[in-house]
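**Q** Next comes the sequence, and after it the predicted model I'd like to discuss.
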Amino acid sequence: MSLKIHHLLGLEGVSAADIRLILDTAVSFKEILARKIPKVPTLRGTTVVNLFYEPSTRTRLSFELAEKRLSADTVNFTTSGSSVAKGESLKDTVWNIEAMKIDIIVIRHSASGAPHYLASCCKSTVINAGDGAHEHPTQGLLDMFTIKEKYGKLEDLKIVIVGDIKHSRVARSNIWGLLTMGAKVAVCGPPTLLPVEMEKFGVKVYDDLDEALRGADIVNVLRLQKERQKGGLLPSLREYSRYYGITRDRLDLLNENFTIMHPGPMNRGVEISSEVAEGPYSVILPQVTNGVAVRMAVLYLLSGGKGKVDEE
Amino acid sequence: MKNNIILAGGKIVDPVTGYFGPANVFISDGKIEKVEKRKKDKITGRNVIKLDGKIVCPGFIDMHVHLREPGDEDKETIISGSEAAAAGGFTSIACMPNTRPPLDNAGAIEYVNNRALMAPVKVYPVGALTVGQKGETLTEMMEMSACGAVAFSDDGSGVQNNDLMRRALEYSRTCGTPIISHCEYSDLAASGVMHEGFISSKLGMKGISAVAEELMVMREIMLASLTQARVHIAHVSTAGSVDLIRKAKRAKVPVTAEATPHHFTLTDDLIQSFDTNLKVNPPLRTKKDIDAVIKGLADGAIDCIASDHAPHSIEDKELEFDYAPFGLIGLETTLGMVITRLINKKIISWVEAVERMSTAPARILDIPGGTLNEGEPADITVIDPDLEWTVNPDNFKSLSRNTPFAGWKLKGKAVMTIVDANIVYSTI
Ligand SMILES: [Zn+2]
């Protein structure tokens, strides 16, 4: 079995078979990561560039680690702001990269569609590490991996994504992936942080948190950027945390064996209380570990790897 | 006697009489001498241009064109834009004042007039409504009007200040010229880059709501009603705007409106390709809006068709969608789109199409043209309605290439453009 997709630009439109293959392959890589020497020669001779136009320590580190564990050669290119500000167009950057004979480009960019543009004009394989508020497919995959690890399945589970849906690429990738895999997805947040026509995604939309949480299995709590309050979308952080913060007393509304997730970095006391973040039902740290395994699976499969991890 | 031509063998479209049928057009002294419905005997002679199978119309007028001179001559000049217009079948164009610097004084209007002396088509400048198009101080409209400004506008963005718009409308009565309004409240548009709807939600891009346009359309209608000055709504893009304008016309408010080919053909879901040639302001809307714009063009709620030709360089457009400038070019595709998407689909007739592209803009701007009446200037567009062609930006006369229609197969094209009896473009 190999992937149908040639790039990982988003989870919208990616088939259940492809998602299943990535998640299953990640299981093997997670086993490898638990070994004494957590490294395989699988991608020896493959060159990966991490092209980060937006600061992101976590995702970049996770990708870098995944690449190193696979023995790939890696190059980092980090810059803040748009390519315009830097005085070089994305296209010129691509040309340079092509000239350097890079196999895989991992790109994080503040503009939606930047990875799609790259994929359309260069020969390398492109992996989207987050584009604007559009998609963050490896985060979606690692969230699904984490859920599946605990429940053994994705179908029919009820997941609620809470918070700033409007500006969240994590929310979008989660929605597409989970719906494809047969889960039931709801979103909840103040209407000013919900994109318009949200129902058309195929999800339930709530602005009342208690109503949204009732009978849910998993809560994925999104980070609230403090700028949203300054941008006039919220009256105060205090009111937000009171009405949309995930606190201990709200957990009773959830199904038995519930799970709390957060893509990080957290604003403790705003969207999630410390107590909840550190509770036994929280999988926030396993999410980080799983991120490396899932990214290894994506890199490996997009390089032409088949389902069975080939260690030599 | 110079330029005596007889256009023989074609069918003419005369929106004034509603006639669409065979006739010969006699041109002398730069004017239309007469139009003669054909008799049996064939006309022959040195000055006869045989146009069998062709359609002969009063010259088309595009009342919304951005030439980039002065300031951005690498994107378009008055001459290159005029050549593009001639190739697209236009005999007159009105150029918007958002150049660098803007056309906000009589000297700037004179500059355009002088540069246009060598242009193949007639170029009518639109003056800026406010100094520097900053939306603060009114320009010297009377003097600019005396120099040839045919309308006033801060096109490129909407006039945000309500009282200023009211005063501008009042003051414009001194010139009798319309004020062309680009309707968009920028606070509601909120730095959006595309239509606000399911697609913008999916792509995570900032959206421009329909209301950002409609609220200003409503304001213009109320202010036009109050001041009894003429307001022209540029590039109508939403179903709500069409409704508001239709109702205002019923109430006899002095409002007119235009629509562009991209707003009656392209929807926001195409932006999922991230093609920056689809980034335009007002943004591409939904199927429902397209249907409403088409209905408005058919029933007359929308008076005319304009291209909103907005040239940008390849470098400017080859950016991430968020950072690319708004605008697309249309002078050389508008006619093909109208024939292919409106006439051939039986949405409007040939007579109505010519009315929307010639007679109506002439009436709105109060400039010559729009008829084949005796004694009118011989501004004429000849069309081959059966010519099938593929849009290829490499063949454009325009200096820019930013069209979303590249590769489109269209039917119908201008094959000859005549301005004041001079053949300025011909492929015959
Ligand atoms: Zn405009």
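**A** Sure, I can see it.

**Q** which residues of the chain score low on pLDDT?
**A** In the absence of a named chain, this looks at chain A. Applying pLDDT under 70 to chain A flags the ranges A:80-88, A:307-312.

**Q** meant chain B actually
**A** Counting by pLDDT under 70, the ranges of chain B that qualify are B:1-3, B:39-41.

**Q** and it, which residues reach the ion?
**A** By C-beta under 5 Å from the ion, the residues of chain B that approach the ion are B:155, B:182, B:234. Glycine gets a C-beta too; all of them are placed from N, C-alpha and C.

**Q** The second one: neighbouring residues, count only.
**A** Taking other C-beta atoms under 10 Å in any protein chain shown as the criterion, the count of residues near residue B:182 is 22.

**Q** That one - nearest residue in space that isn't next to it in sequence?
**A** Leaving aside its sequence neighbours, residue B:182 sits nearest to residue B:155 (C-beta to C-beta, 6 or more residues apart in numbering or on different chains; 4.5 Å).

**Q** quick one: the nearest residue to residue B:318 once chain neighbours are set aside and residue B:403, what's the gap?
**A** Leaving aside its chain neighbours, residue B:318 sits nearest to residue A:91 (5.6 Å; criterion: C-beta to C-beta, 6+ apart). To residue B:403, residue A:91 is 19 Å away according to C-beta to C-beta, to the nearest Å.

**Q** Then residue A:234?
**A** Noted for residue A:234: a distance of 42 Å to residue B:403, by C-beta to C-beta.

**Q** which of the two has more neighbours?
**A** residue B:403 (22 against 19).

**Q** helix/strand/coil for the nearest residue to residue B:237 once chain neighbours are set aside?
**A** Distances taken as C-beta to C-beta, 6+ apart put residue B:282 closest to residue B:237, at 3.9 Å, once the chain neighbours are dropped. Residue B:282 falls in the coil class when you classify it by DSSP: H, G, I helix; E, B strand; the rest coil.

**Q** Is residue B:276 in contact with residue B:321, as I believe?
**A** Yes. Between residue B:276 and residue B:321 a contact is recorded at 5.7 Å, counting by C-beta atoms under 8 Å.

**Q** quick one: which of these two has more around it?
**A** residue B:276 (27 against 23).

**Q** list the contacts for that one?
**A** By C-beta atoms under 8 Å, 6 or more residues apart in numbering or on different chains, the contact set of residue B:276 is B:317-319, B:321, B:324, B:402.

**Q** Quickly check those for the two that are furthest apart.
**A** Maximum pairwise distance in the contacts of residue B:276, criterion C-beta to C-beta, is 13.4 Å, between B:321 and B:402.

**Q** Neighbours of residue 124, how many?
**A** You didn't say which chain, so I picked chain A. 20.

**Q** please go with chain B instead
**A** By other C-beta under 10 Å, 23 other residues sit near residue B:124.

**Q** Just confirm it is within a helix.
**A** No. Residue B:124: not assigned to a helix; according to three-state DSSP it is strand.

**Q** ok, the residue nearest to residue B:318 to residue B:186 distance?
**A** Distance of residue A:91 to residue B:186, computed by C-beta to C-beta: 30 Å.

**Q** Would you agree residue B:266 is in contact with residue B:282?
**A** No. Contact criterion C-beta under 8 Å: residue B:266 and residue B:282 do not qualify, at 11.9 Å.

**Q** residues in contact with residue B:110?
**A** Counting by C-beta under 8 Å, 6+ apart, residue B:110 touches residue B:147.

**Q** Name the residues of the helix or strand where it lies that come out as buried.
**A** If you go by DSSP states H and E, residue B:110 is part of helix B:106-115. Across helix B:106-115, burial judged by 16 or more other C-beta atoms under 10 Å in any protein chain shown covers B:106, B:108-109, B:111-113, B:115.

**Q** cool, and stretch A:221-230?
**A** Residues of stretch A:221-230 classed as buried: A:221-225, A:228-229 (neighbour count, 16+ other C-beta under 10 Å).

**Q** Same check on stretch B:220-240?
**A** Buried residues in stretch B:220-240, counted by 16+ other C-beta under 10 Å: B:220-221, B:223-225, B:227, B:229-240.

**Q** mind listing which of those are in helices?
**A** Among the buried residues of stretch B:220-240, the members found in helices (DSSP state H) are B:220-221, B:223-225, B:227, B:239-240.

**Q** what about the closest residue to residue B:326 other than its chain neighbours, how many neighbours?
**A** In this structure, residue B:326 finds its nearest non-sequential neighbour in residue B:281, 3.9 Å apart by C-beta to C-beta, 6+ apart. Neighbour count for residue B:281, taken as other C-beta under 10 Å: 21.
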